[in-house]
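>>> have a look at this prediction, sequence included:
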Amino acid sequence: MPLRSPTFNALFSLMSEMQSPLTIVETGTIRNHLEKYAFGDGHSTLQFTKYVSDFGGEFYSVDIDPIAVVVSTMVCTREYPSAMDKVNIIESDSVAFLKSFDKPIDVLYLDSANDAELILNEAKAALGHLHSESCILIDDCFNENHYHVEKGSLVIPFLEENGWVMEANEYQALFIHKDRF
Ligand SMILES: C[S@@+](CC[C@H](N)C(=O)[O-])C[C@H]1O[C@@H](n2cnc3c(N)ncnc32)[C@H](O)[C@@H]1O
């Protein structure tokens, strides 16, 4: 079972130090409403929805699959009905969405396809919207032996070459900017 809790906890701890309200963007939304799939995928969409429910801000979750958009909207509405004015679950290609996004991104979570090129292009499309206090979390980066796998193999060197520092890693990789605070 992928171990995501240390890096999610590290991210939420960083978020608690940041000036709120935060704008959070996720690529890849919840695609299955059944509990048994929650741990395989992480159900990050629910975690970020809970965050904006508790602390305000705005959360955008983008997915190319219209069924995932319906499923995710249903799950989030069921769990946090009063937060849905702060939650935007959008059907789009992630790179197109990020290119046209028109505000600063405080928290970026990259969790779309297991396609290293796509994740790299998502980071490139988002880079201009990030700032020195932003955080980037990337899913599916390391296996148990800490070799680069799947989503991380191209984006990790790209971020490191562009001033981002790996703050924590386990199965996921968490980045902060070298000029943070
Ligand atoms: C691993 S799931 C996301 C899981 C979700 N973040 C969670 O924790 O429950 C990956 C999703 O990425 C979506 N996806 C794949 N390629 C995409 C693209 N180019 N743009 C947007 N979404 C994409 C898939 O449709 C799928 O629903």
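Thanks, I have the structure now. Numbering: from 1, shown residues only.

>>> list the buried residues for the helix or strand where Tyr51 lies?
Element membership of Tyr51 [criterion: DSSP states H and E] is helix 44-55. Neighbour counts over helix 44-55 (16 or more other CB atoms under 10 Å) mark Ser44, Thr45, Leu46, Gln47, Phe48, Thr49, Lys50, Tyr51, Val52, Ser53 as buried. Bear in mind the C-beta positions are built from the backbone N, C-alpha and C, glycine included.

>>> of those residues, which are in range of the ligand?
Within the set of the buried residues of helix 44-55, contact with the ligand (CB under 6 Å from any ligand atom) is found for Ser44, Thr45.

>>> now, the most widely separated pair of the buried residues of helix 44-55?
Ser44 and Ser53 (14.5 Å; CB to CB).

>>> tell me the confidence at the nearest residue to Ile64 once chain neighbours are set aside?
Leaving aside its chain neighbours, Ile64 sits nearest to Asp93 (5.3 Å; criterion: CB to CB, 6 or more residues apart in numbering). With respect to pLDDT, Asp93 scores 98.

>>> equivalent analysis for the one 10 residues further on, please.
As summarised for this prediction, Lys103 has a pLDDT of 96.

>>> for it, helix, strand, or coil?
Here Lys103 is coil, with the state taken from DSSP: H, G, I helix; E, B strand; the rest coil.

>>> got the residues of this protein near the ligand?
Residues of the chain that fall close to the ligand, judged by CB under 6 Å from any ligand atom: 26-31, 41-45, 62-65, 68, 93-94, 111-113, 118.

>>> ok, now with 5 Å
For the chain, the residues in contact with the ligand (CB under 5 Å from any ligand atom) are 28, 30-31, 41-44, 63-65, 68, 93-94, 111-113.

>>> among those residues, name the buried ones.
28, 30-31, 41-44, 63-64, 68, 93-94, 111-113.

>>> can you give me the strands for the chain?
Secondary structure of the chain (DSSP state E): strands at 23-27, 58-63, 87-91, 107-110, 135-138, 164-169, 173-177.
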